[in-house]
Structures are given as C-alpha cells and as structure tokens.
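A.B. asks: Got a sequence here, can you model it:
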Amino acid sequence: MNVLLPEGWAPPIGYANGIEVDAGRIVFIAGQVGWNAQQVFESEEIAPQFEQALKNLLAVLAVAGGKPENVCRITAFCCDKPAYLAARRELGAIWRRTMGTHYPVMSMIFVADLLDNPGKIELEATAVLPKR
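C.D. replies: Residues are numbered from 1 along each chain as shown. Predicted coordinates for the structure are as follows:
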C-alpha cells in the first residue's frame, strides 16, 4: 500500500488523501454499526458506538485473514454532527487503540438517520489483502 500525497500538500490529519495498492484480494465490508454480536446496542453514546462499529468491521475483515493495516478505505455515516465534533479527541484515541497509526482514505458523511436505532455512526470499508 502506498499513501499518495501530492508534492507541496500539507499531510492530512487522521486520514490519507489517496492510497495506491497492487491489488490482491479485495474485501468489501458492509456498514457496521455500534451493536454487539447479538445486534444489541450497549450504549447510545457516539464514542462507544464508534469503538464497537470499528471492532465489528475488523471482525468481518479477520474472517478473510485481514488486519487493520489492510484497510484502504472507510466511509463513515453519522447522524449526530454535534456529538461527533464534541467526541473527536476520544474518537482519535479509540482509533489509535484499535487501528494503530494506520490511516486509510476516509470520508465522513452526515446523514439524517441510520436504519438501526439508536445507532449514531456506521462504518463501511474496503480492504486489500495479499493474494493467497
């Protein structure tokens, strides 16, 4: 995986502008919300939901043999912008505990609502794993 940063650009904080991969196996991970394996939300707060959604995403990836560093794209859908902005420092700490210093290409989209109530955030991803 090669992070793409145009010459003269300031490095982004917490994401990559682009990533180039020599494709092996591509894994597409559906939107994961912050519920547990039994599809029960244990919190209505954004930070615990983000942590659980990220863990759920990595659990799906692990079935294919993937690790956090194989994730090349994450799209986040959030229905509570004020809560997200207030929790950014805590979300960053959760990210570093879960993903380390790997920052894929990311987009944050604020939406009116999510399908699964009381979901506040949903994460979908694409990962590239080496060929078998």
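
A.B. asks: Neighbours of residue 127, how many?
C.D. replies: Residue 127 has 25 neighbouring residues, counting by other Cβ atoms under 10 Å. C-betas here are computed from N, CA, C, even on glycine.

A.B. asks: Contacts for the helix or strand containing it, please.
C.D. replies: Using DSSP states H and E, residue 127 maps to strand 121-129. When contacts are defined by Cβ atoms under 8 Å, 6 or more residues apart in numbering, strand 121-129 is touched by residues 1, 21, 23-34, 46, 49-50, 53-54, 57, 61, 64-66, 70-80, 84, 104, 114, 116.

A.B. asks: With stretch 87-95 instead?
C.D. replies: 14, 46, 47, 50, 51, 54, 84.

A.B. asks: So what does the residue nearest to the fifth one when sequence neighbours are not counted have for phi and psi?
C.D. replies: Setting aside the residues directly before and after it, residue 51 is nearest to residue 94 in space (Cβ to Cβ, 6 or more residues apart in numbering), at 4.7 Å. Recorded main-chain torsions at residue 94 are phi -60, psi -40, according to degrees, to the nearest 10.

A.B. asks: now residue 94: how far from residue 100?
C.D. replies: 12 Å (Cβ to Cβ, to the nearest Å).
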